[in-house]
Structure formats: C-alpha cells, structure tokens
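Participant: Whatever this is, show me its structure:
(one chain, ligands or ions: 1)
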Amino acid sequence: MSRIDCDDFRKFIDPYLDGEFDAGERAAFDAHLAACSDCRCHYEQKAWFINAVRPCLRRPEPMPEAAHQRLHARLRTAQQPERRRRLVRRLAPVPMLAAAGAVLLFVTPLTGFAPAVVEDAVDQHCQKMPVEVPTDEANQADEWFSGKVPFSMDTPRFRDDRAMLLGGRLSHVRNGERNRRAAYLVYGVGEHKVSVLVFDGRELGLSERGELRHVKGHPVRVHGARGYRVALYQRGQLAYAVTSDLPEPEMLKLIGTSL
Ligand SMILES: [Zn+2]
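Facilitator: Numbering: from 1, shown residues only. Prediction:
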C-alpha cells in the first residue's frame, strides 16, 4: 500500500487509530493525513470519540446493535464534505474565542463564589467514569432513571445535528449541607464533550450567582470554573447544570434547542 485515497482512509481509520498497521501502511496513512484536511478533520473527530467518549462507554453490557448503527450513521453524516467544511469554518475561530473568554473570566469579578453545584458539575464532567445506561435515546434514559432519582426525569433533547446522547449514570449534587440525588448525562457535540446534571431544583438558590443570560426567554446563569463553562437553568421543578468547553454562544444555542 504505497498511496491511499480518502475512501481507503475512512475505511481503515479504526485499525489505523488502534495502531494495527505495519510501518509501510502507517507511513501511507500518515502521508495522506498530512496532505488531506478533510481526512484530518474526520480523524480528529474520530480520535476525540475514542479518547474522550469510548472510555465512558465501557460497560458490562455491550452497546445495543441498533444504537451502534445509529452512532455509525451519525458519524457518517458528520463526514459529508459540505458539513465538514462548515464545521471547520465554525471551529476555526474557537481558540481565539476561548482565549478571549479566559481573559474575560480573569478580569471580570464573578458574582459571588461558584456555588457547590458548579464545582460538582465540573468534577463530574472531568471524571472518566463509565456510564450505567449506555443509550442515545432520551426516552430510554428517562425510563432508566425512573424510580432511581426522586423526581420525574426529563433528559434534555438537544435538536442539533452535532449533538448525540451517549449515556447516563446516577450521581449527586451538594446543596448546603445536603447531598441530593442527581442524574448525570453525557453527550458528544461535534468534538466536544457536554455533561448535564439534572436534579430537583426546588428550594435551590440558583438565582443570585453567575452571569445572567436569557435563552428563548429562560434565565440561564453562566459560571466559569477551571476552564469550563457551567450553565444553570430551571425547567419546571428540575434544575439543569450543563458543563462543557464549548464557547458560550454555542453552548447557549445548544441549550436553546432543548427549551
Ligand atoms: Zn482524504
């Protein structure tokens, strides 16, 4: 295999990522990767899934075949050249935006200190704990949490082509002295990991802290903590803490698709 094209690259990306090639094959793939920005974008997205998301999916039961097929269909959709170019254009300014955001966070005094729930949200976002319910179906997640959390679960349904539910597990958030049961969900959004903690928001004083934004008329409080953003909002009696390294406008837009 001296030269490969894009089709070969996509077809054999898994063994390439898993390091199953001999030196000659590897060199041909490396050369294509260096020369082809489309395949590089695809490779980076795939590598993100493997490094950041696959550990979350390690679990006793294998992923159901239907979910597998949906995941692969989703990955295939994400590989179409037009979408990829749009994705590249969208992502290009991100490092600058992120840097600007970091500076802003540094010079803008935060309203009060980060509440415990923000700390908990970032802690859980950074952990590579396996999910207990691997699913890409919000309904299945709702069912699984039913009876395990002391509230009627409503898993966010992000209506965004790049967003995909990967699974959930039981969790908790601190509120004053008390620990509350919470549902933890993880999503892949493009190449970003997005975590959502869902818990009973009644009697929780979320209103005073963070930067106040409005998404489709809903108040959302945005906190910065350890390089991540945590957006807190309430729907009915449920509170949601969404954590990611997405730029704030993208994060608020994503949240808006579920409201
Ligand atoms: Zn290519």
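
Participant: which residues does residue 221 bridge with?
Facilitator: Here residue 221 sits in beta bridges with residue 212, residue 232, going by DSSP bridges.

Participant: Quick check: pLDDT value at residue 63.
Facilitator: pLDDT recorded at residue 63 is 51.

Participant: my bad, residue 259
Facilitator: 91.

Participant: and it, what is it in contact with?
Facilitator: Neighbour list for residue 259: 215, 216, 218, 235 [criterion: CB atoms under 8 Å, 6 or more residues apart in numbering]. (Each C-beta comes from the backbone N, C-alpha and C, glycine too.)

Participant: Quick one, which of those residues are buried?
Facilitator: Among the contacts of residue 259, those classed as buried by neighbour count (16 or more other CB atoms under 10 Å) are residue 215.

Participant: ok, so of the contacts of residue 259, who is nearest the ion?
Facilitator: residue 215 (37.7 Å; CB to the ion).

Participant: from memory that closest one sits against residue 233, does it?
Facilitator: Yes: the pair residue 215 / residue 233 is scored as a contact, 7.4 Å apart, by CB atoms under 8 Å.

Participant: Between these two, which contacts overlap?
Facilitator: Residues touching both residue 215 and residue 233 (CB under 8 Å, 6+ apart): residue 255.

Participant: need the residues of the chain near the ion, please.
Facilitator: Selection of the chain residues close to the ion by CB under 5 Å from the ion yields 6, 36, 39.

Participant: Just the mean pLDDT for the helix or strand containing the last one, thanks.
Facilitator: Translated: residue 39. Per DSSP states H and E: residue 39 is located in helix 37-48. What helix 37-48 shows for mean pLDDT is 74.

Participant: May I see the buried residues of stretch 151-170?
Facilitator: Judged by neighbour count (16+ other CB under 10 Å), stretch 151-170 contains these buried residues: 151, 153-156, 158, 160, 162-169.

Participant: One more: stretch 130-140?
Facilitator: Within stretch 130-140, the residues that qualify as buried are 131, 132, 133, 134, 135, 136, 137, 138, 140, counting by 16+ other CB under 10 Å.

Participant: Report the separation between the fifth one and residue 166.
Facilitator: The spacing between residue 135 and residue 166, counted by CB to CB, to the nearest Å, is 8 Å.

Participant: got any ranges where this protein has weak pLDDT?
Facilitator: The chain contains residues with pLDDT under 70 at 1-2, 45, 48-114, 128, 175-177, 203-208.

Participant: need the strands for it, in chain order.
Facilitator: 163-175, 178-189, 192-200, 211-215, 218-225, 228-235, 238-244 (DSSP state E).

Participant: Contacts only, for residue 236.
Facilitator: Contacts of residue 236 (CB under 8 Å, 6+ apart): residue 154.

Participant: Please shift the residue numbers so they start at 8 in all later answers.
Facilitator: Got it, first residue is 8 now, which makes that one residue 243.

Participant: Just the endpoints, please. Distance across stretch 240-257?
Facilitator: End-to-end distance of stretch 240-257 (CA to CA, to the nearest Å): 16 Å.

Participant: got it, and stretch 133-150?
Facilitator: Taking CA to CA, stretch 133-150 runs 26 Å from one end to the other.

Participant: Next: stretch 141-158.
Facilitator: Taking CA to CA, the first and last residues of stretch 141-158 lie 21 Å apart.

Participant: Max pairwise distance over the buried residues of stretch 158-177: which two?
Facilitator: Farthest apart among those by CB to CB are 158 and 169. That separation is 28.4 Å.

Participant: Now do the domain split for the chain, please.
Facilitator: When the chain is parsed into structural domains using automatic domain parsing, the resulting residue ranges are 72-114, 120-263.

Participant: Nothing else from me, thank you.
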